[in-house]
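Engineer: Any chance you could fold what I've pasted below:
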Amino acid sequence: MKPTVLILCTGNSCRSQMAEGFLRATAGELVNVQSAGSKPAGYVHPLAIKVMAEVGIDISGHRSKHLKEFLDQPIHTVITVCGNLDQACPIFPGQVNRHHWPFLDPAKATGSEEEVLECFRQVRDEMRRVFEAYAAGLRDAA
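Structural biologist: Numbers count the residues shown, from 1 in each chain. Below you'll find the predicted structure:
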């Protein structure tokens with residue numbers, strides 16, 4: 001059984017969903033990748049779906065989940081991608097590693113439609129660099 005990496009943010013609609021998409025695409029053969037939130041929005045943000053599709057990753061089938069769904073499961077690594085959840089992150093059974101990599105919340109971006117979309121793209125590109133590097137480390141360790 002592959003170890004589970006759980007990526008957390010507050011709403012589980014943007015950042016954690018994009019991170020899940022990148023990590024599944026780059027290390028899904030090595031780890032079971034999941035995401036959740038402390039206050040799930042109940043949907044995956046349409047612009048997160050759009051900007052991920054632009055780089056060839058389909059997250060349209062993802063769903064927004066509460067972190068409680070994972071409290072009774074063995075979690076190898078927890079990665080928080082927002083400051084709010086880093087402050088209140090629970091300990092999961094079997095948790096070995098914990099990382100905090102904060103990213104700007106693109107769902108809070110303001111401005112024109114194009115400016116908001118550009119914010120989503122910038123966050124996506126930052127996340128891509130971080131999670132591709134993390135996946136490379138996992139492959140090296142394997």
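Engineer: quick one: contacts for the residue nearest to Asn97 when sequence neighbours are not counted?
Structural biologist: In space, and not counting its chain neighbours, Asn97 is closest to Thr77: 4.1 Å by Cβ to Cβ, 6 or more residues apart in numbering. For the C-beta atoms, the positions are set from N, CA and C on the backbone; glycine is no exception. Going by Cβ atoms under 8 Å, 6 or more residues apart in numbering, Thr77 touches Pro3, Thr4, Val5, Leu6, Val31, Gln95, Val96, Asn97, Arg98, His99.
Engineer: beta partners of the last one?
Structural biologist: The bridge-partner assignment for His99, based on DSSP bridges, gives Ile79.
Engineer: Go ahead and confirm it touches Thr80.
Structural biologist: Yes - in this structure, His99 is within contact of Thr80 by Cβ atoms under 8 Å, at 7.4 Å.
Engineer: quick one on the thing from earlier: where does the residue nearest to Asn97 land on pLDDT?
Structural biologist: Reported pLDDT at Thr77 in the predicted model: 94.
Engineer: and what of Phe120?
Structural biologist: At Phe120, pLDDT is 98.
Engineer: The residue nearest to Asn97 and Thr4, how far apart?
Structural biologist: Distance of Thr77 to Thr4, computed by Cβ to Cβ, to the nearest Å: 8 Å.
Engineer: before we move on, back to that, how close does the residue nearest to Asn97 sit to Phe92?
Structural biologist: Counting by Cβ to Cβ, the gap from Thr77 to Phe92 is 9 Å.
Engineer: For these two, list the residues in contact with both.
Structural biologist: Contacts common to Thr77 and Phe92, judged by Cβ under 8 Å, 6+ apart, are Leu6.
Engineer: would you list every one of the helices in this structure?
Structural biologist: 15-27, 46-54, 83-87, 113-141 (DSSP state H).
Engineer: Ranking those helices by mean neighbour count, which comes first?
Structural biologist: helix 15-27 (a mean of 26; mean count of other Cβ atoms under 10 Å).
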